[in-house]
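Trainee: Please work out how this folds:
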Amino acid sequence: MRDSVAAAAQAESEISSTPESAVSTLGADRSEPVSTYRNGPGVQTGEICRTAGVERSETDFEFMEQTLKGILKRIKGSAKADLRDIADIAIISDYNVLVHHLRQEGHSSPKMEASMRIAQSKLTGTSHEGHPIAKGKWFARQLRKKAEHIRMTGSLPERKQGKGGTHYSLLDEGVVQKAVKSFFTSTKIGEINPRKLMKHMNEKVLPSLPHKKKRISESTAKLWMRKHGY
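Mentor: Next comes the predicted model:
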């Protein structure tokens with residue numbers, strides 16, 4: 001009996017003197033993770049990931065806000081400030097705020113959802129029936145691209161319009177301009193895109209006009225959409 005008590009005391013002494021690293025190693029043999037074993041059941045891996053996600057969202061949001069403020073300050077300090085750039089900054093700032101809120105709510109695709117909501121809040125005109133027409137997927141996609149460009153470079157994408165000398169464009173023709181606007185007002189919300197505009201012009205508009213050029217490319221359709229605010 002005396003020998004058993006002595007053995008138990010010796011075992012307890014050995015455990016109490018075991019280094020902390022050795023205890024961690026012993027814990028690794030258990031079926032539950034070492035972190036749960038060390039920190040108790042209140043700390044779970046999912047909670048840690050969610051906390052990290054919130055912190056990352058806060059950092060991304062603050063970074064973009066500071067970047068946008070810096071760009072806006074440079075624009076306003078320029079002698080040749082472009083009002084379109086100021087409008088872009090305002091829209092991208094709204095987009096950044098909405099992405100941040102959607103991330104906090106746990107939305108699975110915050111950037112996609114935010115860009116579509118912004119697009120649907122911007123009107124391009126009215127239909128023949130008098131209903132307001134919102135911008136669609138093309139605008140939303142361009143918004144995401146601009147925001148990503150700013151995040152990566154710290155500046156707005158360079159505008160291609162207005163570069164070089166003045167060149168003739170079919171869009172300068174009044175009848176073509178009218179046909180393009182008619183396409184925008186008659187096409188359903190969210191279905192306006194360069195390929196559809198190109199097909200409409202090549203098949204229904206240009207063949208009936210007295211111009212040598214009877215077709216436009218998809219890149220030209222993109223340019224025309226940009227000129228109309230898409």
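
Trainee: The nearest residue to residue 84 once chain neighbours are set aside: neighbour count?
Mentor: Counting by CB to CB, 6 or more residues apart in numbering, the nearest residue to residue 84 once its immediate chain neighbours are dropped is residue 159, at 7.4 Å. Heads up, the C-betas are built off the backbone N, CA and C, glycines and all. Neighbour count of residue 159, defined by other CB atoms under 10 Å: 12.

Trainee: distance of residue 159 from residue 97?
Mentor: Residue 159 is 24 Å from residue 97, where distance means CB to CB, to the nearest Å.

Trainee: repeat for residue 209
Mentor: As defined by CB to CB, residue 209 lies at a distance of 45 Å from residue 97.

Trainee: State whether the residue nearest to residue 84 and residue 223 are indeed in contact, as I suppose.
Mentor: No. Judged on CB atoms under 8 Å, residue 159 makes no contact with residue 223 at a distance of 11.3 Å.

Trainee: Mind splitting this protein into its structural domains?
Mentor: The chain breaks down by automatic domain parsing into domains covering 53-153, 170-227.

Trainee: Mind putting these into CSV with mean pLDDT and mean neighbour count?
Mentor: Below are the domains of the chain laid out as CSV (pLDDT from 0 to 100; neighbours: other CB atoms under 10 Å):
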stretch, mean pLDDT, mean neighbour count
domain 53-153, 84, 15
domain 170-227, 83, 15
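
Trainee: hmm, back to that, make sure the residue nearest to residue 84 is indeed in a strand.
Mentor: No. Using DSSP: H, G, I helix; E, B strand; the rest coil, the assignment for residue 159 is coil, not a strand.

Trainee: which residues in the chain form helices?
Mentor: For the chain, the helices defined by DSSP state H cover 2-16, 20-27, 34-39, 45-76, 83-104, 110-121, 137-153, 174-186, 194-200, 218-227.

Trainee: So which elements touch the fifth one?
Mentor: Contacts of helix 83-104 with other secondary structure elements, assessed using 3 or more CB pairs under 8 Å, 6 or more residues apart in numbering; DSSP states H and E, are made with helix 45-76, helix 110-121, helix 137-153.

Trainee: Could I get those helices in a markdown table, plus columns for distance to residue 230?
Mentor: Below are the helices and strands packed on helix 83-104 laid out as a markdown table (distance: least, CB to CB, whole Å):
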| stretch | distance to residue 230 |
| --- | --- |
| helix 45-76 | 22 |
| helix 110-121 | 9 |
| helix 137-153 | 5 |
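
Trainee: which one of the ones you listed lies closest to residue 229?
Mentor: Closest to residue 229 of the helices and strands packed on helix 83-104 is helix 137-153 (CB to CB; 8.0 Å).

Trainee: tell me the angle that closest one makes with helix 83-104.
Mentor: Per axes from the mean of the first three to the mean of the last three CA atoms, to 10 degrees, the angle that helix 137-153 makes with helix 83-104 is 90 degrees.

Trainee: So which residues make contact with helix 137-153?
Mentor: If you take CB atoms under 8 Å, 6 or more residues apart in numbering as the criterion, helix 137-153 is touched by 60, 63-64, 67-68, 71, 88, 91-92, 95-96, 111-112, 115-116, 118-119, 122, 155-157, 190-194, 225, 229-230.

Trainee: I am finished for the moment; much appreciated.
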